[in-house]
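Peer 1: quick one, structure for this:
(one chain, ligands or ions: 2)
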Amino acid sequence: MNVSIIGTTGYGGAELLRILQHHPEFNIKSIHSTKEDLPIWNEYPHLYGIMDKALQKIDPDQIAEQSEIVFLATPSGISGKLAEAFSGKSIKVIDLSGDLRIPADEYLEWYKHEPANESLVEKAVYGLSEWHHEEIAAAELISNPGCYPTSTLLSLAPIVKENLIDPTGIIVDAKSGVSGAGRSLSRTTSYAEANENLRVYKVNQHQHTPEIEQQLMNWNAGIKPITFTTHLLPITRGIMTTSYVQLTKEYTTSQILELFQSVYEKHPFIRIRPENTFPSVKEVAGSNYCDIGVHADSRTGRLTVVSVIDNLMKGAAGQAVQNANIMSGLDEAAGLGFVPLYP
Ligand SMILES: NC(=O)C1=CN([C@@H]2O[C@H](COP(=O)(O)OP(=O)(O)OC[C@H]3O[C@@H](n4cnc5c(N)ncnc54)[C@H](OP(=O)(O)O)[C@@H]3O)[C@@H](O)[C@H]2O)C=CC1
Ligand SMILES: CC(=O)N[C@@H](CCC(=O)OP(=O)(O)O)C(=O)O
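Peer 2: Numbers count the residues shown, from 1 in each chain. Ligands and ions are numbered 1, 2, ... in the order given. The predicted model follows:
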């Protein structure tokens, strides 16, 4: 099955190449960029001798003729326009950006630029693979979840859906490595400013807040606005979200773990850690896993939920390929059996 990638020279694009190069069913037919005609190893020397494809210009007609799926690994604001250019063509689209995830009015408020075409946003299926399998299988257009929302939602879903927590007081403390900000140069992700530093950013203004709330409210209409705080970690890959929620009854850690284990029993990429153990970001690096640890504090009645993912894998390209697998009727784990890179 032929697939194409747009935005190949970015980090999400590079991660798609790493996964798709050895995928058992997908063949990388073409890679696209605003920098046409250069071999990809010119941008990414680690691909020298592995991949000699040249970057091609972005021609939606040509891409739709030769491929069955196109991945848009492009910035918000650009992806929406590209999705529109593919609309009506016979090709499935998976967008990694935030353009198709939330309604236009909220998009304008949080992303602060022009929203994508409203009918496309309505048509797009939110691709949280573990929870939207049926809709993804039937979809033509996927809005791949954000990196922070993936980690947050996977780790809150069981307790929110089962109504085990006070819906008014969810606090999510989130941290990301610098590759989450993409490949463009910026002062805050430069070595001298990020290394040996820990910075909080976009306090109460992060664009993933409405995306997380929207999904939590779909699962449980009583959920109220959350506190969501993001930090920049001096590491390359990885996200940790630590959520604090008030339990409505006295539950033990082992009761909560039992719930998580039964909910995610059949999901190959979710690993629930045993009691009193918590995952660290390195334990999922380079893999499509989301690892979750929980602890119910009998003194405060609060539950602490810790979740880690690799932002470029489960938080972006890995989940995008998982969704492509589901859309194509393949095993959702096809081509995604990466063991985490450790140490
Ligand atoms: N990094 C991460 O961890 C995650 C990223 N995402 C989302 O995935 C998308 C890609 O992210 P990431 O790879 O990190 O971003 P990068 O900034 O690393 O790369 C984005 C790529 O988009 C291409 N691009 C830029 N402007 C245009 C344009 N006008 N037309 C066509 N292509 C353009 C560029 O490629 P070229 O110059 O070759 O044209 C660039 O390399 C973003 O929407 C991001 O929000 C989502 C989850 C996690
Ligand atoms: C570390 C870092 O800066 N991360 C980025 C993730 C952005 C992203 O993935 O953009 P979408 O909104 O298109 O999902 C951020 O916090 O804004």
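
Peer 1: pull the distance from stretch 130-138 to the chain's centre.
Peer 2: 15 Å (Cα atoms, centre = their mean, to the nearest Å).

Peer 1: show me the contacts for the residue of the stretch 151-300 of the chain found nearest ligand 1.
Peer 2: Nearest residue of the stretch 151-300 of the chain to ligand 1 (Cβ to the nearest ligand atom) works out as Gly182 at 2.9 Å. Quick note: C-beta positions are derived from backbone N, CA and C, even for glycine. Applying Cβ atoms under 8 Å, 6 or more residues apart in numbering to Gly182 gives the contacts Gly10, Tyr11, Gly12, Pro75.

Peer 1: go on, Thr150?
Peer 2: For Thr150, the contact set (Cβ under 8 Å, 6+ apart) comprises Leu128, Cys290, Ile309, Lys314, Gly315, Gln319.

Peer 1: confirm for me that the fourth one is in contact with Cys290.
Peer 2: Read that as Lys314. Yes. Contact criterion Cβ atoms under 8 Å: Lys314 and Cys290 qualify, at 5.2 Å.

Peer 1: pull up the overlap in contacts between these two.
Peer 2: Listed as contacting both Lys314 and Cys290 by Cβ under 8 Å, 6+ apart are Thr150, Ser151, Phe269, Val284.

Peer 1: ligand 2: which of those is nearest?
Peer 2: Among the shared contacts of Lys314 and Cys290, and counting by Cβ to the nearest ligand atom, the member closest to ligand 2 is Thr150, at 9.8 Å.

Peer 1: so which strand or helix has that closest one?
Peer 2: helix 147-161 (DSSP states H and E).

Peer 1: now for the helix or strand following that helix, which elements pack on it?
Peer 2: Downstream of helix 147-161, the first helix or strand assigned by DSSP H and E is strand 171-176. Here strand 171-176 touches helix 147-161, strand 227-232, strand 239-246, going by 3 or more Cβ pairs under 8 Å, 6 or more residues apart in numbering; DSSP states H and E.

Peer 1: quick one: strand 171-176 near ligand 2?
Peer 2: Yes. Contact of strand 171-176 with ligand 2 (Cβ under 6 Å from any ligand atom) involves Ser176.

Peer 1: in its sheet, what does that strand sit against?
Peer 2: strand 227-232 (parallel), strand 239-246 (antiparallel) (DSSP bridges).

Peer 1: make JSON lines out of these and add mean neighbour count.
Peer 2: As requested, the strands paired with strand 171-176 are arranged in JSON lines below (neighbours: other Cβ atoms under 10 Å):
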{"stretch": "strand 227-232", "mean neighbour count": "19"}
{"stretch": "strand 239-246", "mean neighbour count": "22"}
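
Peer 1: tell me which of the ones you listed lies nearest to His32.
Peer 2: Nearest of the strands paired with strand 171-176 to His32, taken as Cβ to Cβ: strand 239-246 at 27.4 Å.

Peer 1: which other residues reach the closest one?
Peer 2: Residues from elsewhere that reach strand 239-246 (Cβ under 8 Å, 6+ apart): 147-148, 151-152, 155-156, 159, 165-166, 169-177, 180, 280-281, 301-311, 315.

Peer 1: the inter-axis angle of that strand versus helix 147-161?
Peer 2: Going by axes from the mean of the first three to the mean of the last three Cα atoms, to 10 degrees, strand 239-246 is angled at 30 degrees with respect to helix 147-161.

Peer 1: chain center to strand 239-246: distance?
Peer 2: Chain-centre distance of strand 239-246: 17 Å, with Cα atoms, centre = their mean.

Peer 1: and it, what's its mean pLDDT?
Peer 2: Average pLDDT, strand 239-246: 98.

Peer 1: and stretch 91-106, by the same measure?
Peer 2: 98.

Peer 1: format the CA atom coordinates belonging to it as PDB.
Peer 2: Coordinates of the C-alpha atoms in stretch 91-106 are reproduced here as PDB (Å, rounded to 0.1, in the frame of the first residue of the first chain):
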ATOM      1  CA  ILE A  91      -6.900   9.400  -0.700                       C
ATOM      2  CA  LYS A  92      -7.000   9.000   3.100                       C
ATOM      3  CA  VAL A  93      -5.500  11.900   5.100                       C
ATOM      4  CA  ILE A  94      -3.900  11.800   8.500                       C
ATOM      5  CA  ASP A  95      -3.100  15.200   9.900                       C
ATOM      6  CA  LEU A  96      -0.600  15.400  12.800                       C
ATOM      7  CA  SER A  97      -1.300  19.100  13.500                       C
ATOM      8  CA  GLY A  98      -3.900  20.700  15.800                       C
ATOM      9  CA  ASP A  99      -5.900  22.200  12.900                       C
ATOM     10  CA  LEU A 100      -8.700  19.700  12.800                       C
ATOM     11  CA  ARG A 101      -9.100  18.800  16.500                       C
ATOM     12  CA  ILE A 102     -11.300  21.500  17.900                       C
ATOM     13  CA  PRO A 103     -14.100  23.800  16.700                       C
ATOM     14  CA  ALA A 104     -13.300  27.000  14.900                       C
ATOM     15  CA  ASP A 105     -14.200  29.400  17.700                       C
ATOM     16  CA  GLU A 106     -12.000  27.600  20.200                       C
END
